[in-house]
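Novice: Predicted model and sequence below, questions to follow.
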Amino acid sequence: HPGHKNRQNAKKQKLFFQDPFSADHPFGYHKHFLLFFLFPPEDSRKQQDIYQKYDQISIKKRMLCPRAYAEHPGKNIDCPTLRLTDNHSLMINGEASVADWNAGRNMYIMGKLTDVNLNKEGISTVMSNVAGKVPPIFQQLEYVRFSGDATGYLHDLIITGLLRTGAGTIKADVMMSIDKQQNRTYSGNIASADLNVGKLLDNEKKFGTADFNLELKGFNYKNHYPESYIKGNIASFEYSQYKYENIALDGVYKDGGFNGKLAMDDDNGSVQINGNFNVACAIPEFNLKAVLKNLRPDNLHLSDKYKD
């Protein structure tokens, strides 16, 4: 951190730099820019705690632009080789460049993460700092592997790539936005062909896998529930031992309820719903218009009272 002005102090924090000139380099003042990339500089004490957790940071760096450096010394950093590990819970490999590291929220990041491996402890560490807290769905995962890109300003960072987990693989193209109160929201596209929803929700008796392609706007967590505008298609979704097919969504999911349009074209029923409903309340609430055709509740595993 900025208080480290020589190699001796840096070594006390177990930081190792491959650049032999890093101590006297104009960028030496911010050797920890990688932690800015992963952990936005909101709390210097938190950053110091994070520092002490890792056993190794290897960095090779050069100036992004000699002319820019001459005009604005130390504001741009290029790291062609980036490695962060604690040899236990977290391993990150890739490359990164930072422009205007001292611009606060307007710092610009260009990162390519070739190999990110996190176990349960690593997930908690990274998500607590990147997302502010560990979302409930991530608490059920034993590991996460990611490869992709992270580009943009610190307050609007676009993350694109493949997220592989013990619950399935997700393709993501999402922007993480951070407002001045440090609230985080996520908008973009996510898709998966084999996501185990039951494992994420810790309820595999009721839920199975899902095949979907969805657009999200303003995704966040409030009152222990995810909240977001959702639009897209669910090709299949397993619930109560039945695979529902061809579901279209266009609306807002909030507080465990949905407000908008939902349509399903399944072999055992055609459903079109426009309105809002919430089955998470102590007394389920419904205010909607629905059109049902050829509905077979028994085959859909919704009820055994209406066979045939």
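Specialist: Nice, I can see it.
Novice: where do the strands sit along the protein?
Specialist: 56-62, 76-85, 90-99, 108-119, 143-153, 156-165, 168-178, 184-196, 207-222, 225-239, 242-254, 257-266, 269-278, 285-293 (DSSP state E).
Novice: Of all these, which one is nearest Val126?
Specialist: Of all these, strand 108-119 sits nearest to Val126, with 6.1 Å by C-beta to C-beta. Placement of C-beta: from N, CA and C, glycine included.
Novice: chain center to the closest one, what's the gap?
Specialist: Mean-position distance between strand 108-119 and its chain equals 12 Å (C-alpha atoms, centre = their mean, to the nearest Å).
Novice: okay, the angle between that strand and strand 76-85?
Specialist: Angular relation of strand 108-119 and strand 76-85 on a 0 to 180 degree scale: 0 degrees, by axes from the mean of the first three to the mean of the last three C-alpha atoms, to 10 degrees.
Novice: what's in contact with strand 108-119?
Specialist: Here strand 108-119 makes contact (C-beta atoms under 8 Å, 6 or more residues apart in numbering) with 37, 82, 88-100, 125-126, 142-154, 157, 161.
Novice: out of the residues you listed, which are buried?
Specialist: Buried members of the contacts of strand 108-119, counted by 16 or more other C-beta atoms under 10 Å: 37, 82, 89-100, 125-126, 144, 146, 148, 150, 152-154, 157, 161.
Novice: From Ala99, how far out is Met175?
Specialist: 18 Å (C-beta to C-beta, to the nearest Å).
Novice: again, but for Leu214
Specialist: Distance from Leu214 to Ala99, by C-beta to C-beta: 32 Å.
Novice: Chain neighbours aside, what residue packs nearest to Lys289?
Specialist: Asn274 (5.1 Å; C-beta to C-beta, 6 or more residues apart in numbering).
Novice: close enough to count as contact, that neighbour and Asn287?
Specialist: No - between Asn274 and Asn287 there is no contact under C-beta atoms under 8 Å: 10.4 Å.
Novice: quick one, which of these two is more surrounded?
Specialist: Asn274 (15 against 9; other C-beta atoms under 10 Å).
Novice: Now do the contacts for Asn278.
Specialist: Taking C-beta under 8 Å, 6+ apart, we find Asn278 in contact with 255-258, 284-285.
Novice: separation between it and Asn223?
Specialist: The gap separating Asn278 from Asn223 is 12 Å, by C-beta to C-beta.
Novice: what's the overlap in contacts for those two?
Specialist: Joint contacts of Asn278 and Asn223 (C-beta under 8 Å, 6+ apart) are Asp255.
Novice: How many neighbouring residues does the residue lying closest to Tyr242 once chain neighbours are set aside have?
Specialist: Once flanking residues are discounted, Tyr242 sits nearest to His301: 4.2 Å by C-beta to C-beta, 6+ apart. Neighbourhood size, His301 [other C-beta under 10 Å]: 14.
Novice: and what of Phe219?
Specialist: 21.
Novice: Do you know the pLDDT at it?
Specialist: Predicted confidence (pLDDT) for Phe219: 89.
Novice: so it makes contact with Ser228?
Specialist: Yes - with contacts counted by C-beta under 8 Å, Phe219 reaches Ser228, the gap being 3.8 Å.
Novice: what do these two both touch?
Specialist: Counting by C-beta under 8 Å, 6+ apart, the residues touching both Phe219 and Ser228 are Tyr186.
Novice: re the thing from before, need the buried ones from the contacts of Asn278 selected in ChimeraX.
Specialist: Buried residues within the contacts of Asn278, by 16+ other C-beta under 10 Å, are selected in ChimeraX with:
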select :257,258
